[in-house]
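# got a sequence here, can you build the structure:
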Amino acid sequence: MSVTSDLIRGNTDTIILGQLLVHDSYGYEINKSISNISGGLYELKEATLYTAFKRLEEAGYISSYWGDETTGARRKYYTITPLGRQAHARMLEEWNTSKEIIDKLVNIVTDEKGANL
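Modelled structure (predicted):
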């Protein structure tokens with residue numbers, strides 16, 4: 001079973017910023033990490049990932065620089081900014097609140113008369 005992108009779409013920025021809290025990284029590595037952490041159940045589409053990078057960079061949450069690889073293709077690395085760290089903390093708080101509300105809404109148990117228990 002895979003996770004539908006609709007369920008996670010609104011949290012893409014939070015997920016990417018969380019990855020960049022660990023260390024600077026580039027697109028493929030971030031996507032591979034997300035896939036590994038999710039046990040292969042979720043992977044960002046490349047277009048979604050790079051659109052998010054652009055949005056986060058324009059907001060001042062991340063900045064980018066070119067790596068100086070001696071072998072292979074040159075990679076564009078992303079790093080989280082202090083503003084991005086603040087945004088991630090806020091987004092994480094919003095996620096936790098949303099998660100609590102959704103848990104309550106989808107786990108409603110009713111008795112035979114239809115009353116909430």
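
# pull the longest helix from this structure.
As assigned by DSSP state H, the longest helix anywhere in the chain is helix 82-106.

# same for that helix, what does it pack against?
Judged by 3 or more C-beta pairs under 8 Å, 6 or more residues apart in numbering; DSSP states H and E, the packing partners of helix 82-106 are helix 12-22. To be clear about C-beta, it is placed using only N, CA and C from the backbone, and glycine gets the same treatment.

# who does the helix it packs on touch, helix- and strand-wise?
helix 27-37, helix 46-58, strand 62-66, strand 76-80, helix 82-106.

# re the thing from before, how about the longest helix of the chain: buried residues?
Judged by neighbour count using 16 or more other C-beta atoms under 10 Å, the buried positions of helix 82-106 are G84, A87, H88, M91.

# what's near enough to touch the residue nearest to L56 when sequence neighbours are not counted?
With C-beta to C-beta, 6 or more residues apart in numbering as the criterion, L56 has its nearest non-adjacent residue at 4.5 Å, and that residue is I62. With contacts defined as C-beta atoms under 8 Å, 6 or more residues apart in numbering, I62 is in contact with I16, L17, L20, F53, L56, Y78, T79, I80, T81, G84.

# export those to JSON lines and tack on distance to A47 and pLDDT?
As requested, the contacts of I62 are arranged in JSON lines below (distance: C-beta to C-beta, whole Å; pLDDT from 0 to 100):
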{"residue": "I16", "distance to A47": "14", "pLDDT": "97"}
{"residue": "L17", "distance to A47": "19", "pLDDT": "98"}
{"residue": "L20", "distance to A47": "19", "pLDDT": "98"}
{"residue": "F53", "distance to A47": "11", "pLDDT": "97"}
{"residue": "L56", "distance to A47": "15", "pLDDT": "98"}
{"residue": "Y78", "distance to A47": "16", "pLDDT": "98"}
{"residue": "T79", "distance to A47": "22", "pLDDT": "98"}
{"residue": "I80", "distance to A47": "22", "pLDDT": "98"}
{"residue": "T81", "distance to A47": "24", "pLDDT": "98"}
{"residue": "G84", "distance to A47": "21", "pLDDT": "98"}
